[in-house]
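Peer 1: Sequence and predicted structure, then a few things I'm wondering about:
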Amino acid sequence: MIGNLPFVVCIVLVLLGLWALLFRRNLIKVVIGLKIIENGVNLYLVATGYVQGGVVPIWTYAPPDAAMVLPTPQALTLTSIVIGLATTALMLAFAVVIHRHKGSLDGRKVTELSG
Amino acid sequence: MNLTVHAPILAIAVPLLGAFALPLWGKLGRSLRDLWLLLVAAATAALVALVAVQVYTTGIQVYTLGAAWPRDTLAPGGFPIRIILAVDALGAFMGLIATLVALVGFAYAARYLAEEEGKTLALTLGTLLWAGMLGMAFTGDLFNLFVFFEVTSIAACGLVGYRTWTSRGPEAAFKTMVLYTVGGLFFLLAIALLYGEYGALNLAHLARLLRGSTVDRVALALLLGGLLMKVGAVPVHMWAPDAYGEAPAHGVVLLVANTQVSLYALFRILFTLYGGLSDPGVGWLVVGMGALTLLVASLMAVVQMDLGRLVAFGAVSQIGFMLLGVGVGLTTVASRPGYGLLALRGGIFHMLNDALAIGLLFLAVGAVERAAGGRNLGSLGGLGHNLKWTSGFFFLGALALAGIPPLNGFASKLMIYQGSFLLSPILSALAILASILLLAVFVRAFQGAFLGPRLGKPDPVPVPMLIAMGALALGVLFLGLFPDLVVRHLVTPAADALWTGREVYLQAVLGR
């Protein structure tokens, strides 16, 4: 059970982020909620690749017959972090533009589009 | 060295490079930029056509990145861990749709976009979106599917919101981006679950390994949820009318193609990845989402007063028709292959028809907005006196979308009605009801915008925009008059690739 704790923590993070998305109206907090979900997912990915007592997966550095952690999830996580950077930057840019037009970041006050 | 082998990767790489180089050419001069875009678009279209011809004549094309020989899909020792592209008939079909839409969109954008209103940016984002769509259609790897999913998300939201001097564009883009990003993260979490269980990312390899455990089911739910957000099915459709309403018209047609390519990713996961686990519950879920989408969206279209949002809800309802057709196929194809395949073909064929008809409508709305300076049905009227061609195109697109014979929407909707009738007559009745509602909506819109007394003198519509609309209108007419030709040669192989071609796909990638 204790071995599964990292996964539980990741899922809790994802749920916390979803809660922020659904119940926070400030656009910046919505972006923060998205980042929390993203970090939960990224941690989950890294946790799947962990090997008990494993070393850094660099072939030339590892001592002979040492167990290595899986390198693929780390590569996936790196890619996902870069993508997350792009989406976060774009969303914050949109939030800045919305604030410039409306003088507010309250999702319910700034909206013009509905129905 | 045979260069045609490399066509699948070049079809993604050329527009990607072309997109990022476009602003640099834009700095040097407008004509240089346009020439570069023309070159990139022509090269990409030729490459996609080459891939499609190869796939339709010789079968699945597999391309391995980073191998000594592009057909070596397995690493030494027989492990399928390499990054591959696998293009089957359905992937090629989606590539063709994306290419057709992109070409028409760029032809339209040549005069539709104003230079001082970020034309270079809009063209760059459009090319990037095109590259992402081709990547989604061609990849054979779950993680690359996620990466291209995000490429299309970012490009699409940029396209919705780049007009920062309006307040509505960025708002629509923010909303869209939230749903796209959550969808993408659900997708990534599902990938993490599957990787944690099987240690594989290759679609074909995973398809062989899946056992139907609880983790697999949770992953399927996350994949479905993530992709349905991107597709714009009804409970999570709220981004679609905003984005379609606020993006520039040439971008909207690309956004529509993007939802269809996401729908393709959904089908790929349901049939190729999870096709080995027969579970009618999932099929019924897709059917239910489809029926809900087509009904709710066409009801919402009735009350719209903004021409752009009205057509946008029409576009959402068409997604429901595709989900219904393919969902019925998924539910019945194992027990009653005749009807299942018919519904499946109807759903796939409807993607092409929808791209043409809804694209035509959105381009006509863009022309109306440019000519009359607004889209509110309360203030528009009498445009048919001056904009004869545009009103004709709008009328044609509206009839095709409502499924009136002899236009293309009828051909595919009839197949969906027939296929779903066997599963439950209620489904057919709902689908026909939605079509009737759409007809009423579009007749009202046409009457409000184009008929009646002349209210003002609209600007004439530039010729390139008319040519782009004319190309789509010709497609609408041709597919309506000769549906057999397309169904037999393009749609049937694509639909068969999902079900009967599953084993062929797995063998082509894994070699066993």
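Peer 2: Cool, the structure landed. Residues are numbered from 1 along each chain as shown, chains lettered A, B, ... in the order given.

Peer 1: contacting residues around the residue of the stretch 201-350 of chain B found nearest chain A?
Peer 2: Per C-beta to the nearest C-beta, residue B:242 is where the stretch 201-350 of chain B lies closest to chain A, at 4.6 Å. (Each C-beta comes from the backbone N, C-alpha and C, glycine too.) Contacts for residue B:242 (C-beta atoms under 8 Å, 6 or more residues apart in numbering or on different chains) come out as A:113, B:171-172, B:175-176.

Peer 1: and stretch B:293-309, how far from the chain's centre?
Peer 2: 20 Å (C-alpha atoms, centre = their mean, to the nearest Å).

Peer 1: do the same with stretch A:67-82
Peer 2: 14 Å.

Peer 1: how about it, does it reach chain B?
Peer 2: Yes: interface with chain B: stretch A:67-82 contributes A:70, A:72-73, A:76, A:79-80 (C-beta under 8 Å from any C-beta of the partner chain).

Peer 1: Pull out the buried residues from that stretch.
Peer 2: A:69-70, A:72-73, A:76-77, A:79-80 (16 or more other C-beta atoms under 10 Å in any protein chain shown).

Peer 1: Kindly check the end-to-end length of stretch B:445-462 for me.
Peer 2: 23 Å (C-alpha to C-alpha, to the nearest Å).

Peer 1: What residues of it count as buried?
Peer 2: Quick answer for stretch B:445-462 (16+ other C-beta under 10 Å): B:445-446, B:448-450, B:458, B:461.

Peer 1: Ok, stretch B:466-473 next?
Peer 2: Buried residues in stretch B:466-473 (16+ other C-beta under 10 Å): B:466, B:468-473.

Peer 1: Now do it, average pLDDT.
Peer 2: Average pLDDT, stretch B:466-473: 94.

Peer 1: part of a strand, is residue B:85?
Peer 2: Yes: Residue B:85: assigned to a strand according to DSSP: H, G, I helix; E, B strand; the rest coil.

Peer 1: Need the three-state assignment for the residue nearest in space to the middle of chain A.
Peer 2: When C-alpha atoms, centre = their mean is applied to chain A, the residue found nearest the centroid is residue A:38 (1.7 Å). Using three-state DSSP, the secondary structure recorded for residue A:38 is helix.

Peer 1: do the same with residue A:20
Peer 2: On the basis of three-state DSSP, residue A:20 is classed as helix.

Peer 1: gap between it and chain B?
Peer 2: Distance of residue A:20 to chain B, given as C-beta to the nearest C-beta, to the nearest Å: 11 Å.

Peer 1: just to revisit the earlier point, farthest-separated two in the buried residues of stretch B:466-473?
Peer 2: B:466 and B:472 (11.0 Å; C-beta to C-beta).

Peer 1: ok, back up a step: as CSV, the buried residues of stretch B:466-473 with distance to chain A and secondary structure would be great.
Peer 2: Listed next are these as CSV, based on distance: C-beta to the nearest C-beta, whole Å; DSSP: H, G, I helix; E, B strand; the rest coil:
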residue, distance to chain A, secondary structure
B:466, 30, helix
B:468, 27, helix
B:469, 26, helix
B:470, 32, helix
B:471, 31, helix
B:472, 27, helix
B:473, 30, helix
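
Peer 1: residue ranges of the strands in the chain, please?
Peer 2: Reading this off chain A. In chain A, no strands are defined using DSSP state E.

Peer 1: Chain B is the one I meant
Peer 2: B:61-64, B:84-87.

Peer 1: on that earlier part again, got the residues of stretch A:67-82 next to chain B as JSON lines, with pLDDT columns?
Peer 2: What follows is these, written out as JSON lines (pLDDT from 0 to 100):
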{"residue": "A:70", "pLDDT": "86"}
{"residue": "A:72", "pLDDT": "89"}
{"residue": "A:73", "pLDDT": "91"}
{"residue": "A:76", "pLDDT": "93"}
{"residue": "A:79", "pLDDT": "94"}
{"residue": "A:80", "pLDDT": "95"}
